[in-house]
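Novice: Pasted the sequence and its predicted model underneath.
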Amino acid sequence: MRVDCEGCAGCCIDWRPVAPVPLDHERRGPRAPLDDTYNLVPLTRDEVRDFVDAGLGDVLTPRLWEASPGEGVEIDGVEVAAIAGKPAFFVGMRKPPKPVGPFGLERTWLRACAFLDPETLQCRIHDTEFYPDECAEYPGHNLVLEQETECERVERHHGGERLLDDAPPDDLHGLLLGPHALGAKVFVHPDPERLAGTIDHLKTRELTPEDRAEFVGVAVGSHPGSTEVDGDRASRARAKTLESESWAGNAVAAWDAVAGRLGSAADEAPDPDEVEVARGAPETPGWDAVRGDG
């Protein structure tokens, strides 16, 4: 598997506002997500824990799914997909609007991963202990499952060659399916009553820090292969998440405050270094350095 990521980041950016056709692959099938985040990366329990321990819990956000009537648990008048009668969810990384120019476009307001450098379109946590397996192995999981990759969507709609070798890798670590995912990547909230109001917030992009911390705590308190949750561990992780004031979380709030309409020109956007690096974001090397290493 080989990919050309320079000037792309299609897997990190919600580029639907600049796509020539609707992109709705995340909303197909029996379980459509309740949120509208594009390509939300599912983190493992251990990855969520590491983010929380590093003070980055404020960058995390949950995903839940719709269920057919009578097949889930009702919260805020919505039937939510459940396992053993408890709401199922995973945890990913937030995507605020940023001034980015993927695929050769001019700078445009598009939602992008909290860790994406808007200038270089490189990940600020690449090659660190926090880089998620799902990201490191992308698009390997899609190739193994014979699902279309974001690389191929970008090629089809914006040209160029992104997926240079589509042979699935042999050493995938983050591909957890079925029972193996339970408690390790797909989590179960033990008390649906605690989520009153949260589903409304999720659907309207108005999740509060308390809403997000509730799910993050449960994820950290989960046991792989089980629906059981360690209440003490969950409580500690929830509290630590609420205490988080990371550069990334603060940058999310800053971008939210100044962003223009999604899909609109971002000519007058603030310098990304002033928003992110000045708050403590690690700088990225740029593509000349990457090509030099190759």
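Specialist: All right, it came through fine. Residues are numbered from 1 along each chain as shown.

Novice: Can you pull out the low-pLDDT segments for the stretch 1-150 of the chain?
Specialist: 1, 24-30 (pLDDT under 70).

Novice: make it 80
Specialist: 1, 22-30, 139-142, 144-146 (pLDDT under 80).

Novice: Now residue 135: which helix or strand?
Specialist: helix 133-136 (DSSP states H and E).

Novice: could you dump that helix to PDB, C-alpha only?
Specialist: The C-alpha coordinates for helix 133-136 follow below in PDB (Å, rounded to 0.1, in the frame of the first residue of the first chain):
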ATOM      1  CA  ASP A 133      -3.600   3.300  14.500                       C
ATOM      2  CA  GLU A 134      -6.600   4.100  12.300                       C
ATOM      3  CA  CYS A 135      -4.700   7.000  10.800                       C
ATOM      4  CA  ALA A 136      -1.400   5.300  10.600                       C
END
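
Novice: buried residues in that helix?
Specialist: Residues of helix 133-136 classed as buried by neighbour count (16 or more other CB atoms under 10 Å): 133-135. To be clear about C-beta, it is placed using only N, CA and C from the backbone, and glycine gets the same treatment.

Novice: for stretch 215-228, same thing?
Specialist: In stretch 215-228, counting by 16+ other CB under 10 Å, buried: 215-222, 227.

Novice: which outside residues touch it?
Specialist: Stretch 215-228 is contacted from outside by 43, 45, 48-49, 52, 57, 60-62, 83-84, 86, 89-91, 179-180, 182-184, 187-190, 229-239, 241, using CB atoms under 8 Å, 6 or more residues apart in numbering.

Novice: and the end-to-end length of stretch 52-71?
Specialist: 32 Å (CA to CA, to the nearest Å).

Novice: Quick check: buried residues in the lengthiest strand in the chain?
Specialist: Ranked by number of residues, the top strand in the chain under DSSP state E is strand 86-93. The neighbour-count check on strand 86-93 (16+ other CB under 10 Å) flags 86-93 as buried.

Novice: What strands line up against it, and which way round?
Specialist: strand 60-63 (antiparallel), strand 78-83 (antiparallel), strand 187-188 (antiparallel) (DSSP bridges).

Novice: tell me how far the first one is from the chain's mean position?
Specialist: In other words, strand 60-63. Chain-centre distance of strand 60-63: 7 Å, with CA atoms, centre = their mean, to the nearest Å.

Novice: again with the last one
Specialist: Centroid separation for strand 187-188 versus its chain: 17 Å, with CA atoms, centre = their mean.

Novice: What's the mean pLDDT across it?
Specialist: Average pLDDT, strand 187-188: 97.

Novice: what's downstream of that strand, the next helix or strand?
Specialist: By DSSP H and E, the next helix or strand past strand 187-188 is helix 198-203.

Novice: For the stretch 101-250 of the chain, which segments count as helices?
Specialist: 133-136, 140-144, 150-158, 198-203, 209-221, 231-243, 247-258 (DSSP state H, counting those that start in this stretch).

Novice: Can you flag the weakest of those by average pLDDT?
Specialist: helix 140-144 (a mean of 76).

Novice: before we move on, the earlier item: what packs against the helix holding residue 135?
Specialist: Packed against helix 133-136, as judged by 3 or more CB pairs under 8 Å, 6 or more residues apart in numbering; DSSP states H and E, are no other helices or strands.

Novice: which residues are contacting that helix?
Specialist: 11, 41-44, 47, 123, 141, 173-174.

Novice: Nearest to residue 287 among those residues?
Specialist: residue 123 (12.7 Å; CB to CB).
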